[in-house]
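**Q** here you go, sequence then predicted model.
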Amino acid sequence: MNKTPRLAIVVPCYNEEKALPITADALLNLLDRLTNDALVSGDSYILCVNDGSRDLTWETIEQLHSKDNRLKGISLAHNRGHQNALLAGLMTVKDRCDIAVSIDADLQDDPEAIIEMVKKYRDDDAEIVFGVRSSRESDTWFKRVTAHGFYSFQNSMGLETVYDHADYRLMSNRALNLLSEYGEQNLFLRGIIPLIGLKTAIVTYARNPRVAGESKYPLSKMLSFSIDGITSFSARPMRWIFLTGASLLLIDIIVALYVLGSYCFGSSVAPGWTSLMLSIWFLGSLILIAIGIVGEYIGKIFIEVKHRPRYAIEKSLLE
Ligand code: UDP
Ligand code: MG
């Protein structure tokens, strides 16, 4: 372990022209304190990843860079989403740092927790330090409930994520190199990173409201993110289809015995138009859902086998 490691703070940014100057200020101030306390080396820096923003995010990064070159940047050619932007940043700093911390551009995750994270790396030899939210009081009631539903649902589906940990974490250079071996297109870093192994630790922090701008994760995106997470890490939904089919078969056998029994004892079976209709619709929907779930996996295979690049870096300011 390097006792005064070179730290890189990776910040994915999508339409963050309003938040970025405030965030850059806070993070540079934090870097100053970390360097003065000799917790990290003097050549530590911040890397902002512009994820194909449509506003003046990249121009803002350029300006901030010209004022203080510890703030660096790369710009992706298209908007590839938070996970890919984060990966692009982490892979860029991989060989240019000893430790990297990823943090959102909106300061919702308290940057002060980075100090604790660095200490866990230096003193406890932790190679991955997860930032875990201690409270979500600043989130709306709706966001809190849906976010908790999101974690419980995933864990019940066999995906091992750290509870209330988003993508705020420290990774050592070694952890980053191991991460680079994971080649999946359907990137769900929260699911992959616990799979890396290595020594981990947890730091808790309070979650704040956004400093400026608005959330890019509405409910629909969170939902698709959750489904993506599950289908990328677990085949359990397909097992469920099989189990549902098997239970229905059992019910079917019981009903068949009942019908045959009533036939043998002479009572005619009631003209069950309603039950017939209902069961047709019920089975029809089950079959469609089942095909949909299988399709979800096939779609993933289709995307994975193409091995397309996950991001393209168009411009960079790394000096
Ligand atoms: N983000 C990104 N690409 C996207 C959407 C979001 O890089 O397509 C970044 C965004 O700039 C922010 C982080 O991902 O730094 C988290 O987004 P946001 O704060 O909107 O999500 P929330 O905290 O509301 O879940
Ligand atoms: Mg946010």
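**A** Yep, it's here. Numbers count the residues shown, from 1 in each chain. Ligands and ions are numbered 1, 2, ... in the order given.
**Q** how about Leu7, what does it touch?
**A** Leu7 makes contacts with Leu31, Leu34, Val40, Ser41, Ser44, Tyr45, Cys97, Asp98, Ile99, Ala100, Val101, Val118, as judged by CB atoms under 8 Å, 6 or more residues apart in numbering. C-beta here means a position set from N, CA and C on the backbone, and glycine is covered the same way.
**Q** tell me the pLDDT at the third one?
**A** Just to be clear, that refers to Val40. Per-residue pLDDT puts Val40 at 95.
**Q** about what we covered before: inside helices: which ones of the contacts of Leu7?
**A** Using DSSP state H, the subset of the contacts of Leu7 located in helices is Leu31, Leu34, Val118.
**Q** list, one by one, the residues from the stretch 51-200 of the chain near ligand 1.
**A** Proximity of the stretch 51-200 of the chain to ligand 1 (CB under 6 Å from any ligand atom) is limited to residues Asp51, Asn79, Gly81, His82, Ala85, Asp104, Ala105, Asp106, Gln108.
**Q** pull the most distant pair out of those.
**A** Asn79 and Gln108 (20.2 Å; CB to CB).
**Q** of these two, which one has the most company?
**A** Higher neighbour count among Asn79 and Gln108: Gln108, with 20 against 16, using other CB atoms under 10 Å.
**Q** so the more buried one sits against Ala212, correct?
**A** No: assessed by CB atoms under 8 Å, Gln108 is found out of contact with Ala212, at 11.2 Å.
**Q** helix or strand right after the lengthiest helix in the chain?
**A** Looking only at the chain and at elements set by DSSP H, the helix with the highest residue count is helix 273-305. Elements were assigned by DSSP states H and E; along the chain past helix 273-305, the next helix or strand is strand 313-317.
**Q** up against ligand 2, what does the stretch 1-150 of the chain have?
**A** Near ligand 2, the residues belonging to the stretch 1-150 of the chain are Asp104, Asp106, Gln108 when assessed by CB under 5 Å from the ion.
**Q** I'd like those laid out as a markdown table, including distance to Phe302.
**A** Compiled in a markdown table, these are given as follows (distance: CB to CB, whole Å):
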| residue | distance to Phe302 |
| --- | --- |
| Asp104 | 31 |
| Asp106 | 34 |
| Gln108 | 35 |
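**Q** any idea which of the residues you listed is closest to ligand 1?
**A** For those, the closest approach to ligand 1 (CB to the nearest ligand atom) belongs to Asp104, at 3.7 Å.
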